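Trainee: Pasting the sequence and the predicted model now:
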Amino acid sequence: MEEKVLEVLAQEYPQIDFSASQALVDDGILDSLTITGMIAALSMEFGIVIPYEEIIEENFNSVKALAQMVERLRG
Amino acid sequence: MVYTDYLFFPFFLAAVLLYFGLPLKVRWIGLLAASMFFFFTWGVELLPFAVGAVVVAWAASCLMKREYLKQDERLLREKAWDAAKKAAFRRKVKQRCRYLLWAAVTLIVGMLVYIKAQHMLAGVPVLTSAVWFFSKVYQHIGRFFMLHMPVLGIFVKDTGVMETFTEFSFFVPLGISYYTMSLVGYLADVYWRKEEAEKNILLLLLYALYFPKILAGPIVKYRDCAPMLREGHPFAYQRMCEGLQRMLWGYVKKMVIADRLNLFVSPVFAAYEDYHGAVLLVAAVGSVFYTFCDFSGCMDIALGASQVFGVELTENFKRPFFSVSVAEYWRRWHMTLGIWFKDYVYMPLAVSPRLIRLSGKLRDRFGKRAGKNCMTVVPLCVVWLLTGLWHSTGWNYIVWGSYWGSLIILSTIFEPEITRLSGLFHIPVHSRGFQAVRMLRLFMLVIVSRILTEPGSLAASAEILKKIVFQFYPWELFDGTLYTLGLDRPGLHLAAISVCMLGIIGWKQEKGIVFRDKIAGLPIVLRWSVLLAGIAAVLVFGIYGTGYDAGSFLYMNY
């Protein structure tokens, strides 16, 4: 799942190296605009609805955390 | 009472003595008492509206918490449920909480909308009659005290209890824009389970009416503020000194710079037909610095006062005129307003399933870029319309919001083209010179935005812009005209020098210099000289003028 998530994000934002950090939000690599785009891409690719409560730094700081969130929301 | 009233100083001293005189665990009650008194001075008959908003928010948050607790207990009990049944159950609970959220938000925001639109609703004085009723009740209470308990009678007289509220007059509860946003943000965080509902209604009341932030913000999130309000802080000399120094700096900005600039700016904009472009441009530049010094000065006083109590409020400014883009400017100006709109309007809209579906359809039809832009443009349009309306319901602020929204949307949508063009023309985008050009460009955009709102009507704004472009007579800058408009030569020079000093201080701060630490590191004689110079500047150069309401802060009116 982690590789699939990375592939989707890399396709959407080729200019961002998502594996470069385990603190993508805290390090300022991701801003609000990018996060909204990532949410749209993940929602459409995996057929999930990401509730607003899940949009917290912990879930977006790394690809691994994103993959865990996607797994959780897919049930 | 505002921070520049003479009465504020004894009030603040009394609040500090009360706070540190109480046992640690109940010091928050001292803050609540001080905040209620501060609110009373604005009209005790308006207190029920603020208290009513807090009661609604508290009740709704407690009911939501109960729903979530029952949900969690039930999910633990029902081990036989499959994932689909659990998800359906969660959706039902969420729906009930959503109804509670919207009911509370409608009531609280509804009052704000009514207040802002009073001039259109003068024939429907529902709340105005309620204000009149409460005014009469408090006057009877006040008369009782004055007859039977004279000492308390002086108190009620001085807190405005005996003021008569005229029926069908317009009224504005103190800080309604700010406590409304604070309470709506709190409710939304409880709904999204990012915040625990507050059991103690008095603590929620303190959060909403906390006197350092009631006048003009900052708009602080409950979780960032409540723990510090709740927990009593021991007296700390260093912290008190830093807080008082910050307040002093705020008074310099407000009373020496902002109020002085406004002596020039206000008359020019009030009689703009009599002036040509050069004078109007200088007034517009003055207005930009007046707004900054007034608002950021107010924030320095608020944050400094709060720091004395050990409550660190969120910063609202970060040297906005050093921004190189519109988006950056709005990350540095009125930061807490921007954060509020981002967290409670922009992001929820941008990630809503409906907008994602629409984005998907646009992507399928018109390509990836169209889909992505939709997720940015739609929420930004809503945010900037609401930001304009939050300031005022006048058309000039709707245009103002559209102006900033358009600039941000266009710069976001065309960012790839701008980057390509910069590369094509070999523009050294990271060079100091280019950054300076961008800062100047940004400043000119800010000047235009002030012209949209300062005169009070779009017709006046259009006329002023036309004069600046087509009737710019530069000799008026040097023939003494500028010294005849409200500020004499020394006054205008002092204002200009003060603004330049502010710029130098800001530039040094951009490089990482913390002036408070520098001052603290000086030998005691020099340190006290700097502080006494600041006090002297406020006493000697501060504007206490007649015919001008030097006591009011610009952003109190929003």
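Mentor: Looks like it came in fine.

Trainee: Where do the helices of chain A begin and end?
Mentor: Per DSSP state H, chain A carries helices over the ranges A:2-12, A:32-46, A:57-60, A:63-74.

Trainee: The second one vs chain B: in contact?
Mentor: Just to be clear, that refers to helix A:32-46. Yes: contact of helix A:32-46 with chain B (CB under 8 Å from any CB of the partner chain) involves A:32-33, A:35-37, A:39-40, A:43-44. The way it works is simple: take the backbone N, C-alpha and C, and place the C-beta from them, glycine included.

Trainee: Apart from its neighbours in sequence, what residue is nearest the closest residue to chain B within chain A?
Mentor: Among all residues of chain A, A:T36 sits closest to chain B, at 4.0 Å; criterion: CB to the nearest CB. Closest residue to A:T36 apart from its sequence neighbours, by CB to CB, 6 or more residues apart in numbering or on different chains: B:A350 at 4.0 Å.

Trainee: just B:M335 next, same as before
Mentor: Closest to B:M335 by CB to CB, 6+ apart is B:N316, at 5.4 Å.

Trainee: list the contacts for the residue nearest the centre of chain A?
Mentor: Chain A has A:L66 as the residue nearest its centroid, 4.6 Å off, counting by CA atoms, centre = their mean. Applying CB atoms under 8 Å, 6 or more residues apart in numbering or on different chains, we find A:L66 in contact with A:5, A:9, A:38, A:42, A:59-60.

Trainee: and if we set it to 10 Å?
Mentor: Neighbouring residues of A:L66 by CB atoms under 10 Å, 6 or more residues apart in numbering or on different chains: A:1-2, A:5-6, A:8-9, A:18, A:24, A:38-39, A:42, A:50, A:59-60.

Trainee: repeat for B:L445
Mentor: Going by CB under 10 Å, 6+ apart, B:L445 touches B:325-326, B:329, B:403-404, B:407.

Trainee: Could you verify my assumption that the residue nearest to A:T36 touches A:S43?
Mentor: No: using CB atoms under 10 Å, B:A350 makes no contact with A:S43, being 11.5 Å away.

Trainee: For B:I447, see how far away B:A33 is.
Mentor: Remark: distance between B:A33 and B:I447 (CB to CB, to the nearest Å) = 44 Å.

Trainee: for B:N316, same thing?
Mentor: 21 Å.

Trainee: which of the two has more neighbours?
Mentor: Between B:N316 and B:I447, counting by other CB atoms under 10 Å in any protein chain shown, B:N316 is the more crowded of the two (27 against 16).

Trainee: ok, back up a step: so for B:A350 and A:S43, which sits in the more crowded spot?
Mentor: For B:A350 versus A:S43, neighbours defined as other CB under 10 Å are more numerous around B:A350 (28 against 20).

Trainee: Smallest distance to chain A belongs to which residue of chain B?
Mentor: Across chain B, the shortest distance to chain A (CB to the nearest CB) belongs to B:A350, at 4.0 Å.

Trainee: list the contacts for that residue?
Mentor: B:A350 makes contact with A:32-33, A:35-37, A:39-40, A:52, A:55, B:342, B:356, B:359, B:374-376, B:378-380, B:382-383, according to CB under 10 Å, 6+ apart.

Trainee: Buried among those residues? Need that as a selection in PyMOL.
Mentor: The buried residues among the contacts of B:A350 can be selected in PyMOL (16 or more other CB atoms under 10 Å in any protein chain shown) with this line:
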select buried, (chain A and resi 33+35+36+37+39+40+52+55) or (chain B and resi 342+356+359+374+375+376+378+379+380+382+383)
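
Trainee: which residues of chain B score low on pLDDT?
Mentor: B:117-132, B:134-135, B:138, B:142, B:145-146, B:149-174, B:544-558 (pLDDT under 70).

Trainee: Break it down into its domains, please.
Mentor: Domains of chain B are assigned by automatic domain parsing as B:8-122+B:170-224, B:236-274+B:289-317+B:478-558, B:322-454.

Trainee: So B:I201 versus B:A208, what's the distance?
Mentor: Using CB to CB, B:I201 is found at 10 Å from B:A208.

Trainee: Could you do B:P10 as well?
Mentor: B:P10 is 25 Å from B:A208, where distance means CB to CB.

Trainee: Looking at the two, which is more packed in?
Mentor: B:A208 (25 against 9).

Trainee: wait, what's in contact with the residue lying closest to the more buried one once chain neighbours are set aside?
Mentor: With CB to CB, 6+ apart as the criterion, B:A208 has its nearest non-adjacent residue at 4.3 Å, and that residue is B:Y179. The contact partners of B:Y179, taken as CB under 10 Å, 6+ apart, are B:39, B:49-50, B:53-54, B:57, B:108, B:112, B:173, B:205, B:207-210, B:213-214, B:219.

Trainee: Show the model's pLDDT score for the closest residue to A:I16 other than its chain neighbours.
Mentor: What sits nearest to A:I16 in space, not counting adjacent residues and going by CB to CB, 6+ apart, is A:I29, at 6.5 Å. Looking at A:I29, its pLDDT stands at 83.

Trainee: doesn't B:Y272 make contact with B:L485?
Mentor: No: in this structure, B:L485 is not within contact of B:Y272 by CB under 10 Å, at 11.4 Å.

Trainee: Now the common contact residues for the two.
Mentor: Joint contacts of B:L485 and B:Y272 (CB under 10 Å, 6+ apart) are B:279, B:283.

Trainee: Check the burial of B:S431 by counting its neighbours.
Mentor: Count around B:S431 with other CB under 10 Å applied: 10.

Trainee: tell me which parts of chain A are close to chain B?
Mentor: A:11-13, A:31-33, A:35-44, A:48-56, A:74-75 (CB under 10 Å from any CB of the partner chain).

Trainee: Give the next helix or strand downstream of the helix or strand hosting B:N373.
Mentor: In this structure, B:N373 is located in helix B:368-391 according to DSSP states H and E. Where DSSP H and E defines the elements, the next helix or strand beyond helix B:368-391 is helix B:395-413.

Trainee: Run the angle between that next one and helix A:32-46 for me.
Mentor: Per axes from the mean of the first three to the mean of the last three CA atoms, to 10 degrees, the angle that helix B:395-413 makes with helix A:32-46 is 60 degrees.

Trainee: Specify the local secondary structure of B:G360.
Mentor: helix (DSSP: H, G, I helix; E, B strand; the rest coil).

Trainee: repeat for B:I219
Mentor: coil.

Trainee: do B:L487 as well
Mentor: With three-state DSSP as the basis, B:L487 sits in coil.

Trainee: Isn't it up against B:T481?
Mentor: No: in this structure B:L487 lies outside contact range of B:T481 using CB under 10 Å: 11.9 Å.

Trainee: which one of the two has more residues nearby?
Mentor: B:L487 (22 against 16).

Trainee: Can you tell me the element the closest residue to that one other than its chain neighbours falls in?
Mentor: Sequence neighbours aside, B:F264 is the residue nearest to B:L487 in space, at 4.4 Å (criterion: CB to CB, 6+ apart). Element membership for B:F264, per DSSP H and E: helix B:259-270.
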